[in-house]
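>>> sequence first, predicted model second:
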Amino acid sequence: MNVAEIYRKHYKKMVLVPLILFAVLLFFLPKLRLGIDFTGGLSISFSSQMNVPPEEIANALKERFGVAEVSVLPVTGGYIVEMSYPPELERVYYLLEEWKRGNEAALAELNQIVPIDDVNNVDAAVTAYADRVKEEIIREIKRIVPDASNVVINDIVPTLGPEFWSLVVNISIWAVALLLLVILFYFRHPIPIVIMVVSAIFDGIAMLSLMGLSNIPLTLSTIAILLMMVGYSIDTDVIASTYLFKRIKESNPYKQAERAFLTGVTMSLTTLIAMIVIYAVGFLTRNITVIRIANVMIYGVMADLIITWMFNAPLLIWVGERRASSA
C-alpha cells in the first residue's frame, strides 16, 4: 500500500470522515450514564450454564425492585449484574447516614421502615434489613435463571463526590497547561497545539459516546482510562507533528506522512492487540472492571487512529504546503 500516494491524492477528502463520525457520535453522548461509583448500588455475580438474555434479567430486576439502572454482563460460566439500590434500601442507608450526622428526625423515619428496639442496635437493624433485601434479589435471580449458583452480592458505596471532581478539574487544567507549554517550546508554533487540543476533544467525545452506546458507565476506573487515553492521543499527535511539521524540509510532505503513519499505526496496533488480550482475560475471569478498562482503551485507540491519520495528518500536510509556497 502506497500511503504517500493515498495522502497525495485524497488528503483533503480524508478530513470528512472524522467530521462525519464526530457528528454521529454526538447523538450517543446523552446515553452515557453514571456508574455506581457515583450513585452507589449492588454488584452481583453468579454462575450459570443457561443462556438467558441479559435484557430479560435486567428488565425483571427493574420491574421487581423498581430500580432505575441495571446492567447485566454475560461472562464465561455466568453473569455479572450491577444495579442501583432499590429505592427503599437507598432511603434506609440515607437515613442511617443522616442520623449519624446528628439528625434525630431521621431516626424516627428510619424506625418506620426498619423496626429498631434500641438505638445501640441501629447498624445491626439496618444490616439485617439490607440482608433481607439481598435475599429477595437472590430469589428473583434464581427465578429468572433457575440454575444460578455461587451468588455473591457486594455493596458499592458511592466514592466520587464534589471534592473528587474539583480535584480532577484542577489537576487536569494544570497537566494540560504544562503539557501545552512543553509542546510549544518544542515546536515553537501554535499549529501543533491546536491540532492536539482538537485530537483530545475528539478522542474524549468518541470514547464517552461509545461508552454510552455500549452501556459502559462512567466509573472511577473508566475516568482514569479516559485521562490516560487523552495522553496517548497526544503521543501519536507528537509523532505526526514531528514528521510533518518539524522535519517537513527533509522530504516531500506525503513521504513524511507515510513515515509518520507507519510508525504511529505500528504503535497503535501493538496497543490494540494488548487491549484485546486484556479484554479476553477479563471475560474469562469474569472481572467487569478489567473488561470495561479494555473496552474503553480499544475505543480510544480506534478513535485516535481516525483523528490522527485522517484529520491531523491532512491538516499538517496542508499547513506544510502553505508554508512551502510562502517561503
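Thanks, I have the structure now.

>>> where in this protein is pLDDT low?
Counting by pLDDT under 70, the chain has low-confidence residues at 1, 157-165, 247-251, 286, 323-327.

>>> domain ranges for it?
When the chain is parsed with automatic domain parsing, its domains come out as 3-35+160-326, 41-156.

>>> between the two ends of the shortest one, how far is it?
The one in question is domain 41-156. 5 Å (Cα to Cα, to the nearest Å).

>>> which SS class is residue 80?
Secondary structure, DSSP: H, G, I helix; E, B strand; the rest coil: residue 80 is strand.

>>> the stretch 51-200 of the chain: helices as residue ranges?
54-65, 87-100, 104-113, 122-144, 162-187, 190-213 (DSSP state H, counting those that start in this stretch).

>>> hey, which of the ones you listed is tucked in deepest?
A comparison of the helices of the stretch 51-200 of the chain by mean neighbour count, using mean count of other Cβ atoms under 10 Å, puts helix 190-213 on top with a mean of 20. C-beta: built from backbone N, CA, C; applies to glycine.

>>> mind giving me the packing neighbours of that helix?
helix 16-26, helix 162-187, helix 220-241, helix 288-307, helix 313-326 (3 or more Cβ pairs under 8 Å, 6 or more residues apart in numbering; DSSP states H and E).

>>> show me the contacts for the most centrally placed residue in the chain.
By Cα atoms, centre = their mean, the chain has its centre lying nearest to residue 222, at 3.9 Å. If a contact means Cβ atoms under 8 Å, 6 or more residues apart in numbering, then residue 222 has 35, 211, 216, 292, 293, 296 as its contacts.

>>> quick one: which of the residues you listed is most hemmed in?
residue 296 (27 neighbours; other Cβ atoms under 10 Å).

>>> one step back: got the helices and strands packed on helix 190-213 as TSV, with distance to residue 195 columns?
Below are the helices and strands packed on helix 190-213 laid out as TSV (distance: least, Cβ to Cβ, whole Å):
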stretch	distance to residue 195
helix 16-26	12
helix 162-187	10
helix 220-241	6
helix 288-307	9
helix 313-326	6
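
>>> go through those and name the closest to residue 7.
Closest approach to residue 7 among those is made by helix 313-326 (6.4 Å; Cβ to Cβ).

>>> got a list of contacts for that closest one?
Residues contacting helix 313-326 (Cβ under 8 Å, 6+ apart): 7, 11-12, 14-15, 191, 195, 240-241, 244-245, 248, 253-254, 257, 260-261.

>>> one more time with 7 Å
Helix 313-326 is contacted from outside by 7, 11-12, 14-15, 191, 195, 240-241, 244-245, 248, 253, 257, 260-261, using Cβ atoms under 7 Å, 6 or more residues apart in numbering.

>>> which among the residues you listed count as buried?
7, 11, 14-15, 195, 240-241, 244-245, 248, 253, 257, 260-261 (16 or more other Cβ atoms under 10 Å).

>>> and those residues as a markdown table, adding distance to residue 57 and secondary structure?
What follows is the buried ones among the contacts of helix 313-326, written out as a markdown table (distance: Cβ to Cβ, whole Å; DSSP: H, G, I helix; E, B strand; the rest coil):
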| residue | distance to residue 57 | secondary structure |
| --- | --- | --- |
| 7 | 49 | helix |
| 11 | 49 | helix |
| 14 | 43 | helix |
| 15 | 44 | coil |
| 195 | 45 | helix |
| 240 | 45 | helix |
| 241 | 48 | helix |
| 244 | 51 | helix |
| 245 | 52 | helix |
| 248 | 57 | helix |
| 253 | 55 | helix |
| 257 | 49 | helix |
| 260 | 47 | helix |
| 261 | 45 | helix |
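
>>> which residues does the spatially closest residue to residue 123 that is not a sequence neighbour contact?
Using Cβ to Cβ, 6 or more residues apart in numbering and skipping residues adjacent in sequence, the residue nearest residue 123 is residue 96, 7.5 Å away. Residues counted as contacts of residue 96 (Cβ under 7 Å, 6+ apart) are 110, 122, 126.

>>> can you do 8 Å?
Residue 96 neighbours (Cβ under 8 Å, 6+ apart): 106, 110, 122, 123, 126.

>>> same check, this time on residue 47
By Cβ under 8 Å, 6+ apart, the contact set of residue 47 is 77, 78, 148, 149, 150.

>>> the closest residue to residue 202 other than its chain neighbours: neighbour count?
Of all residues not flanking residue 202 in the chain, residue 307 sits nearest, at 4.5 Å (Cβ to Cβ, 6+ apart). Per other Cβ under 10 Å, the neighbour tally for residue 307 reads 26.

>>> where's residue 307 relative to residue 184, distance?
21 Å (Cβ to Cβ, to the nearest Å).

>>> what of residue 118?
Using Cβ to Cβ, residue 118 is found at 66 Å from residue 184.

>>> do the same with residue 128
Per Cβ to Cβ, residue 128 is found 61 Å from residue 184.

>>> what do you get for residue 154?
According to Cβ to Cβ, residue 154 and residue 184 sit 47 Å apart.

>>> fine by me, we can end here.
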